[in-house]
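Undergrad: Task: produce atomic coordinates for the following.
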Amino acid sequence: MVAHIFAWLFVFAVPWQDMLVFPGLGTLSRLLGMAAIGAMALHVLMRGKVRALLGFHWLLFGYLCWVVLSTFWGVAAQQTVWTSVKTLLQIFVMMWVIWEATPTPARLTSLLQAYVLGAYVAAGSTIFNYATGAVSTHAYGRYAASGFDPNDLGSLLALALPMAWYLAARAPSGFQRWLNRAYFVAGTLAILLTASRGALLATIVALFVVPWTLTQLRGGVRVAALVIVLGAGAAAVRFVPEFAFKRLSTTRSEITQGTLNHRLQIWSKGIQTVPARPLQGYGPAGWYPAIGLDQAPHNTYLTILVEEGLIGLLLYLTILTLVWARLLRLHTFERRVGLTMLATLAVAMTPLGWAGHKASWLVLALLAGLSDVLAPGRPSAVPSRPMPAVPRERARRVPRVTAK
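TA: Numbering: from 1, shown residues only. Below is the predicted model:
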């Protein structure tokens, strides 16, 4: 129980981790993660057994081993190399903690709720900064939670949308259902305030979960969905500044005709480095030495390709594919929510360098847990249509007529 509480606190802190950083120690989520690892290790020792791992975890371990192996030919400074490896190792252990902390649907949903509540904190800080006029230091007219980059924050908030929708459908109490439904208003408003075009695309994918799953829910939930949409729209029109709408309106033109805010040039430089080391890459933290410029990669997949080569990228894509394949086995509602979460993550990582970001790996860990504890055939798995759209009418008994 104590180990699960620390895991819950860690997940809760991830969406707003940059708001509270301790000098010399790191973010709050890092400290809570270390506490969760210690508590879970003690729990496992006292229990005397480890929960059987999935193929997902063994693939992740293989990817970790490849990253460690690539340190032998890495081109970055040794201190930077081992910092990256240590971060990935901590993430791997933390994913094991999440796995051990989610043996039942109730434990899994509690961690999903922790992430949504943490996203509430980040969204609240963003809205507060807008209300008080605290403009983000990254770009004029863009708002974000204290300490956050608007692009990272927008994607973190978008990831919580499918989680909130799932919890709103499964929550046992009316308060919890409306708490998660209200996140669609607060979260969407905060995402629009960031004026992040990448986050907008991820949000569009995340919001697709609503129409895609409405047929699996009863009529009252459909009415609630309409109320949510109207509330989010009204809040956006009332509070989002004109600058944000103007910037977001250029998303399509930037994709079709523009440079994606100079990202195309950065990606081109990254791709040009691949032929020199196509299979092995340039090692951990090798992006900057490889391209010779102090420009962030702005793409998770390209970062992995440059640093870990085609072998590392293949391992990473195989991890995503395995999660996708496991989600396909779930009941209809859970499958559609899980696939939306995975698609939201895949889109969010495209304009961001999230190869070593806690949130991206955390979502994969939660999806792996979802694919296991809600798999058909398990005693605790939920039925395919727990909330039928139209209640079935009982067949009327017709009196039997006998011939005289």
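
Undergrad: did I read that right, Tyr143 in a strand?
TA: No - assigned with DSSP: H, G, I helix; E, B strand; the rest coil, Tyr143 falls outside any strand and is coil.

Undergrad: if I pick it, what's in contact with it?
TA: Counting by CB atoms under 8 Å, 6 or more residues apart in numbering, Tyr143 touches Thr126, Asn129, Tyr130, Ala134, Val135, Ser136, Pro150, Leu193, Thr194, Ala195. For glycine as for every other residue, the C-beta is placed from the backbone atoms N, C-alpha and C.

Undergrad: what do you get if the cut-off is 6 Å, keeping everything else the same?
TA: Thr126, Asn129, Tyr130, Ser136, Leu193 (CB atoms under 6 Å, 6 or more residues apart in numbering).

Undergrad: Ala101 too?
TA: His4, Ala7.

Undergrad: Phi first, then psi, for it.
TA: Main-chain dihedrals, Ala101, degrees, to the nearest 10: phi -90, psi 0.

Undergrad: any idea how far Leu345 is from it?
TA: In this view, Ala101 and Leu345 are 20 Å apart by CB to CB, to the nearest Å.

Undergrad: Repeat that for Trp73.
TA: 30 Å.

Undergrad: quick one, which of the two is more surrounded?
TA: Leu345 (27 against 13; other CB atoms under 10 Å).

Undergrad: Now that one: closest residue in space that isn't a chain neighbour?
TA: Once flanking residues are discounted, Leu345 sits nearest to Val363: 5.1 Å by CB to CB, 6 or more residues apart in numbering.

Undergrad: One more: Pro150?
TA: Here the residue nearest Pro150, using CB to CB, 6+ apart, is Thr194, at 3.9 Å.

Undergrad: Quick check, that neighbour in contact with Gly154.
TA: Yes - look at Thr194 against Gly154 with CB atoms under 6 Å: they come within range, at 4.1 Å.

Undergrad: Output the below-cut-off pLDDT ranges for the stretch 201-350 of the chain.
TA: By pLDDT under 70, the low-scoring segments of the stretch 201-350 of the chain are 219, 239, 241, 243-262.

Undergrad: if you set the cut-off to 80 instead, what comes out?
TA: Low-confidence segments of the stretch 201-350 of the chain, defined by pLDDT under 80: 216-263, 293.

Undergrad: ok, back up a step: for the residue nearest to Leu345, grab the count of nearby residues.
TA: Val363: 24 neighbours (other CB under 10 Å).
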